[in-house]
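In: Got a predicted model here, sequence first, then my questions.
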Amino acid sequence: MYTNGVPPRTRKERKVSLVFRHPSDDKHCAGVESLLFPSVPNHKLLFTASRDSTVKRWDVAGPEPLLEASFEGHADWVNDLALIGDLLITCSNDQTVRLWKAGSDNGQHLHTLSYHSDYVTRLAAAPARSLVVSAGLRAEIFLLNIEPLVLVLAQATLTGKHTQLYPRIPQPSTLSSPGGVAVGAAVHAHVTVPSGGADDGGGGGGSFPSAGGCGGLPSVSSSSVSSNHLPKEQPGSVYALALNPTGTVVAAGTSEALVRLLDPRSGKKIAKLRGHQDTVRALLLNGDGTTLLSGASDGTIKLWDVGMQRCVQTYTLHSDAVWSLLSPDDSFAVVYSAGRDRALYRTYTHTRTSELLAVEDHPVRALALDPDVGPEVPGRNGVPSPGGVGLWAATSASHVNLWVLPREMAPGSAGGAEGGGRAFSVARRSLGVTANMRNRMSWEHNRQPIARMPEAVIEGVPGLVAHEVLADRRRVLTLDMAGDVALWDVLRGAQIASYGKVDFASKARELWEPRSVPSWFTADTRLGCLTVSLEPPSAFAAEEYAVCLLAQDAAQGVLGQGGGCGGGPHGALHATVNVSDDYKLNYGKVVLDCAFAKWRYKLAEQAAGHHNGILTAAGPGAGPGVVAGAGLTQGPGPGLAPPPPQVPLASLGLPSPGPGLGGQMLPGVAGGMAAAAAVASAGGSPGAGGGGGGGGAAAVPEGVGGHPYYLDVWAKYWTCRALPAVICSRQDGQRWRRLLSGFDGSEAEPGEVPTWVGDVVLRGAGVTPKEAKCAFVLLPAEGSDLPALAQSKLNAPRILQVHKVANYCAGKLLDQNVPLEVRPFYLRRPPTAPDCPGPESSAPGGNCAVLELTCNGVAVPFEMSLATVKKFIWKKSDDLVFNYRVRNPLHPAPPPVLQGPGA
């Protein structure tokens, strides 16, 4: 178990997650949940919010969309977007609303607001009034008043208020939200401006042309509202939200199949609109808040008169849930809609007719309208396409399509159901038929969509949809949306093999091998890429002998195979590698050391002092081998135990800290700060080093735009093209996300970084697994005539391999003048296994009998560990029993029959 000399904590520790990003990190790798096409003079920009936790800004003025900026900082799906001037507002499943400088070149993060207690699903904005409404699960609806503010450079924090519109909270305010923020009739939020701008170490950049409203940095404020008692019944979660431009009406679509109307000025309820049969998923409000459009999971679109509080028209064109609605003006004369049925429709509300515009390959999550693509637009292969309107469609896949469509028909030209052409009736009289019948009717009236192929595509990377952690608890097999299967190595932090379009289950069975390794991480693919999470004490449950890791890495070949990793080839296990046979590496510690390498380096740099890029001594008061103030041990000093054995990073398949380090040794437990200091003192140039392999400097992998990922000197243990990201939570529960290169030493412990991580990464805490030992018994086989050992019951590390047991047994028998030859038996011969000895024995007397180890009557493979033998051969909870005897060449013990899952 993980120990550091203090009593174990009873509370649940914060977990650390690592997101292994796709090498093409300039593309989304999961479904796009929201689109925003702002009206900006002389610009055509599109913002995309994705399930991969990122937001991206694209220049879509030309024939090919160009990525301008990526906004990274959310720790979960980003669900919605809003824009007020140069302020981009986003919301996420990580329970936060984040504010960004929309025009920054590097996605500059400004504030994080964490007043929600659950997923934040929707945003709505009234830019002219500087109002933003956020809503989410547990029926929570909050109002933010974003006002312009001139921020003095020395000012570090902004304070203000937000108002909870629903559910209402009783006075006086004595409750606290999970994030530690008091909630009441008027709820105060305290937000901090990061000193560096972006979460990942960037500053500001570029100016964003104002689309009206305010620009610059915001303050958040609101007025107090009167309080009422909480609802007696638990209200439904909010999945759709609308705010009219004048900021007088808020509409919230809920899982109760109703639309809740609120007055944001007073916080009072206006009405509940009932009529849908399922969750309301899309809403539109006109300018004065008198007319409302709603789309729901029942497949219908309804037009409401807010003043009369009743539905005036129902449109039944979709065969499944309606997820997105758009209208180019306040009259709602023309409405664009899409949803789960993959169809994009344009409906003329006055004539109650619709036309099928296009059909996507996946359910449509969001729409954005480009009202003018010009008389001619460059099409595919340079062939001009007729102009009109552009409809951007985001789906549950990772790409976004632009459909260029003819302009809307003039009023009355559709001609109703008898108008001919592609228009078909969507009158209410068809509401009584089933959804499947409505779908069939729609396609019969409209067999051919107007657009067959999108004019432009913002390409994405197929997101991962399935995974399986292999038996070695180190490799993970993944399947993406395109059907491609790949293999990832958690210790390397990268993809190591790609198998193409093969059967996932068959490949998993092919890669299965009998191994018993404790589960030390959990994996998921909800962000479209592989994410592994570590939580103590299970994070330190798995360990392996260093020499065995060397052998595995030598067998797997070159670092970065198929995964875009930089660095050189693996170091092979050879005589020059000075690694003790008994030296163990803990999987969890190896991963944490790699993930927090720059954080550790920056802390040591700050503590030791930095001058012209070279680490200097902390001062005369600092003891030898200790970086003052940081708790980082670099070597033996007064009162300190000697460091554990040292292991070459290159030999473990991990990139070395940098050039000019001689042996490039990483202290096995105390951390790599001595190596980091040596890098700096060696005069390593920014962006240089980071190569792996046999000790030489290697080319630095280039990032997007040709800029290196590493702009300063630090111990670069992972040098993948797309560095993994770290996700964790602060003490107050707010989650944060950093690229490995984004740590700057300002991340406080335990405020941001959990204490258990600091104990292991900085202070060399012991990480002994809870069940590290395995008891076993060595007995002579019945009828073997071999003597019993003086000590037959033994206790050894559970990772001890059988060949060591055999050698121990042979040695003890030799002490009793019974010489037996140890001849290895393997199911799968390890790449570094010694050659089998010949029939001649080295012992006096020529030929020698061969020792045979059995368990449960079968021969025991020498490459197995004690834990593996107990799980797959012994299959009992009591002590493992080995029997030894002289091998009969004519009747040797049969090999074990081992079958994997599903065999």
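Out: Structure's in. What do you need?
In: Pretty sure Ser398 sits against Ser24.
Out: No. Ser398 lies out of contact with Ser24 (CB atoms under 8 Å); the separation is 10.3 Å. Heads up, the C-betas are built off the backbone N, CA and C, glycines and all.
In: tally of neighbours for Ala482?
Out: With neighbours defined by other CB atoms under 10 Å, the count for Ala482 comes to 12.
In: so who does it touch?
Out: Residues in contact with Ala482 (CB atoms under 8 Å, 6 or more residues apart in numbering) are Pro462, Lys501.
In: quick one on the thing from earlier: Ser398 and Ser24: who's more crowded?
Out: Neighbour count, other CB under 10 Å: between Ser398 and Ser24, Ser398 has more, with 27 against 15.
In: ok, Glu782 - contacts?
Out: For Glu782, the contacting residues are Asn883, by CB under 8 Å, 6+ apart.
In: ok, back up a step: between Ser398 and Ser24, what contacts are shared?
Out: The overlap between the contact sets of Ser398 and Ser24 (CB under 8 Å, 6+ apart) consists of Val461.
In: so where's the chain uncertain?
Out: Counting by pLDDT under 70, the ranges of the chain that qualify are 1-11, 148-162, 168-233, 374-387, 409-447, 552-578, 609-716, 719, 829-847, 902-903.
In: could you point out which element follows the longest helix along it?
Out: Counting by DSSP state H, the longest helix found in the chain is helix 802-815. On the C-terminal side of helix 802-815, the closest following helix or strand by DSSP states H and E is strand 821-822.
In: what about the strands in the stretch 501-650 of the chain?
Out: In the stretch 501-650 of the chain, strands defined by DSSP state E, counting those that start in this stretch lie at 522-524, 530-534, 543-545, 584-586, 610-611, 614-615, 626-627, 632-633, 646-648, listed in chain order.
In: For stretch 100-116, buried residues please.
Out: Within stretch 100-116, the residues scored as buried using 16 or more other CB atoms under 10 Å are 100-104, 106-116.
In: Can you flag which of these belong to strands?
Out: Applying DSSP state E to these, the entries found in strands are Trp100, Lys101, His109, Leu110, His111, Thr112, Leu113.
In: Any chance of CSV for those residues, columns distance to Ala125?
Out: Formatted as CSV, these follow (distance: CB to CB, whole Å):
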residue, distance to Ala125
Trp100, 14
Lys101, 16
His109, 19
Leu110, 16
His111, 16
Thr112, 18
Leu113, 14
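In: Between the buried residues of stretch 100-116, which sits nearest Leu326?
Out: Using CB to CB, Ala102 comes nearest to Leu326 of the buried residues of stretch 100-116, at 21.0 Å.
In: Which strand residues bridge Trp58?
Out: Counting by DSSP bridges, Trp58 forms beta bridges with Leu46, Leu67.
In: That one: neighbouring residues, count only.
Out: 18.
In: Thr246 now?
Out: When neighbours are defined as other CB under 10 Å, Thr246 has 14 of them.
In: so it makes contact with Gly289?
Out: Yes. Thr246 is within contact range of Gly289, at 7.1 Å (criterion: CB under 8 Å).
In: Going by residue numbers, what spans are strands in the stretch 351-500 of the chain?
Out: For the stretch 351-500 of the chain, the strands defined by DSSP E, counting those that start in this stretch cover 353-359, 364-370, 376-378, 384-386, 389-395, 400-405, 424-425, 456-458, 464-469, 475-480, 485-489, 494-500.
In: Distance to Gln277 for the ones you listed - can I get that in a markdown table?
Out: Formatted as a markdown table, these follow (distance: least, CB to CB, whole Å):
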| stretch | distance to Gln277 |
| --- | --- |
| strand 353-359 | 20 |
| strand 364-370 | 21 |
| strand 376-378 | 41 |
| strand 384-386 | 40 |
| strand 389-395 | 25 |
| strand 400-405 | 30 |
| strand 424-425 | 21 |
| strand 456-458 | 35 |
| strand 464-469 | 30 |
| strand 475-480 | 36 |
| strand 485-489 | 41 |
| strand 494-500 | 45 |
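In: export these to a markdown table and tack on distance to Phe882 and mean neighbour count?
Out: What follows is the strands of the stretch 351-500 of the chain, written out as a markdown table (distance: least, CB to CB, whole Å; neighbours: other CB atoms under 10 Å):
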| stretch | distance to Phe882 | mean neighbour count |
| --- | --- | --- |
| strand 353-359 | 65 | 23 |
| strand 364-370 | 59 | 22 |
| strand 376-378 | 74 | 15 |
| strand 384-386 | 76 | 14 |
| strand 389-395 | 58 | 24 |
| strand 400-405 | 61 | 23 |
| strand 424-425 | 78 | 21 |
| strand 456-458 | 61 | 20 |
| strand 464-469 | 29 | 18 |
| strand 475-480 | 29 | 22 |
| strand 485-489 | 32 | 22 |
| strand 494-500 | 35 | 18 |
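In: Nearest to Pro63, out of those?
Out: Of those, nearest to Pro63 by CB to CB is strand 376-378, at 4.1 Å.
In: how many neighbours does the residue lying closest to Ala251 once chain neighbours are set aside have?
Out: Leaving aside its chain neighbours, Ala251 sits nearest to Ala242 (4.4 Å; criterion: CB to CB, 6 or more residues apart in numbering). Residues lying near Ala242 (other CB under 10 Å) number 24.
In: Same question for Leu137.
Out: Leu137, neighbours per other CB under 10 Å, totals 18.
In: Which residues are in contact with it?
Out: Taking CB under 8 Å, 6+ apart, one finds Asp118, Tyr119, Thr121, Ser237, Val238 in contact with Leu137.
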